[in-house]
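Peer 1: Got a sequence here, can you model it:
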Amino acid sequence: MRTFNKAPERNGFRFSWLMLSRTGRLMVLFGSLLLCVYLLNEAGNAYPKEQSYISLRAWNRTTSPLMHGKHTCIFRDVPPMAAEEWQLRAPYFVVLGVQKSGTRSLGSYLMSHPDIYVPRPEIHFFDGKFDNYTTEEGVLVKEAREKYSQEMFKPIYEASVEGKVQYYGMDSTPAYVFYSDRVPSRLFCVAPWVKLILLLRNPVDRAYSQYIMQKVERSKGFLDGKSFEHYVEEDMSKLKAAGAIREWKDEDDFRSFSGSQEEMIAWETYVDSVDSHVDKRYIGRGLYALQLRHWFNAMDTFGKPRSDLLVLHSDDMKDNTGQMYRKILKFLGIREGELTNYSIHHKGQYDAPLSSEMRSRLEAFYEPYNRQLYDMLGSEWEGVWG
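Peer 2: Model prediction:
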């Protein structure tokens, strides 16, 4: 006869479910239920809720080309997906750059919105000030987030606790896009929920505008009185020495290098080779396709949809300010607000135009990179800079 309640003997003792009293059975069942609830709760901490963490699906992934060594997120005493509701707005979005493309004006327009909070115009948390939160193992998420969200965006937390207006935090630091070898992984480890805005300008005009700005600020030690042509040659030499640009054999040679690990290492070498205080990276800052490729790769690695990045043309921002302002607010999901001040900030005062010879030379240099950029961003960017 088949017996269902028979249990194997252990050291001469036979145990059976039927030996338990009714109360004992209930206690076992209740304990099993509590264990299931606990395990489900732990699983909920490890994986995001769809509505709150739509862009975090693969945030805790740690095996990919960008996720090794210092690019790994280290979660010590904090569950990988843990973030309070207020932290998802601290910050809520980041303006990545680029320098001299109208980011200061854009930041001013957005700061005027009653629901947007900005600690200061440029935070620079993820570039020069991040060494305290990085080890050879990776990014210290808990420590970095405490400094970034809880200190810099403290009013958002306080307003949340007091039940006041729910502010949306903005970090506008145009240097971030340039540090594409390090800032993406740092940012996405600490605040993977952020939306991103990137303002691009003709790289030739951008480079000369940076020179004019720093020429005016020469008293601060930015320039030593040499010509724009001199600094172009200097930066080109640094790019070549690092291996970031070279004499390409043909188009295939250029394409095979683009996006390779070799390119990433060369770019990191170049970025590290220049004194950040005396910033003369006029040419490197205009290699948008190279930098954006690093950002897209990082977004893919972290499972962050590319639709979280809005790329705008600086001329559109200047010529159609109100329309672009509304477009940005719609992208962010923030209620519309009226923009009353259309002032342009940090507008360059040119004492002489860029020579036609230098303009032609730089346009020829940037042309293959611009073609890559058009391919990355879509047909509406085709030929936008000639």
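Peer 1: Can you list the buried residues in stretch 236-244?
Peer 2: 236, 238-239, 242, 244 (16 or more other Cβ atoms under 10 Å). Backbone N, C-alpha and C define where each C-beta goes, glycine included.
Peer 1: now do stretch 367-374
Peer 2: 369-370, 372-374.
Peer 1: Could you grab the helix/strand/coil label for residue 338?
Peer 2: coil (DSSP: H, G, I helix; E, B strand; the rest coil).
Peer 1: Relative to residue 329, how far out is it?
Peer 2: Computed as Cβ to Cβ, to the nearest Å, the residue 338 to residue 329 distance reads 11 Å.
Peer 1: ok, those two, which is more surrounded?
Peer 2: residue 329 (19 against 9; other Cβ atoms under 10 Å).
Peer 1: In terms of pLDDT, where does that one sit?
Peer 2: As predicted, residue 329 sits at a pLDDT of 96.
Peer 1: repeat for residue 117
Peer 2: 90.
Peer 1: how close does the closest residue to it other than its chain neighbours sit to residue 268?
Peer 2: In space, residue 117 comes closest to residue 167 once its chain neighbours are excluded; the distance is 4.1 Å by Cβ to Cβ, 6 or more residues apart in numbering. Going from residue 167 to residue 268 by Cβ to Cβ gives 35 Å.
Peer 1: more crowded one of these two?
Peer 2: Set residue 167 next to residue 268 and count neighbours by other Cβ under 10 Å: residue 167 wins out with 23 against 17.
Peer 1: thought that one was touching residue 155?
Peer 2: Yes. Contact criterion Cβ atoms under 8 Å: residue 167 and residue 155 qualify, at 6.5 Å.
Peer 1: Need the residues touching each of these two.
Peer 2: Overlap of the contact sets of residue 167 and residue 155 (by Cβ atoms under 8 Å, 6 or more residues apart in numbering) consists of residue 117.
Peer 1: which residues of the stretch 251-386 of the chain fall in strands?
Peer 2: 309-313 (DSSP state E, counting those that start in this stretch).
Peer 1: what ranges of it fall below the confidence cut-off?
Peer 2: Flagging of the stretch 251-386 of the chain using pLDDT under 70 yields the residue ranges 275-279, 342, 344-351, 386.
Peer 1: What segments of it are helices?
Peer 2: 251-257, 261-272, 288-301, 314-319, 321-332, 356-377 (DSSP state H, counting those that start in this stretch).
Peer 1: just the ones you listed: most buried one?
Peer 2: Among the helices of the stretch 251-386 of the chain, helix 288-301 has the highest mean neighbour count (mean count of other Cβ atoms under 10 Å), at a mean of 21.
Peer 1: which strands and helices sit next to it?
Peer 2: helix 183-190, strand 195-200, helix 261-272, strand 309-313, helix 356-377 (3 or more Cβ pairs under 8 Å, 6 or more residues apart in numbering; DSSP states H and E).
Peer 1: how near is residue 369 to residue 135?
Peer 2: Distance, residue 369 to residue 135, using Cβ to Cβ: 34 Å.
Peer 1: Give the buried residues for stretch 299-309.
Peer 2: Of the residues in stretch 299-309, those buried (16+ other Cβ under 10 Å) are 299, 301-302, 304, 308-309.
Peer 1: ditto for stretch 84-103
Peer 2: 86-103.
Peer 1: Now for the buried residues of stretch 236-244: which two are most distant?
Peer 2: 236 and 242 (11.0 Å; Cβ to Cβ).
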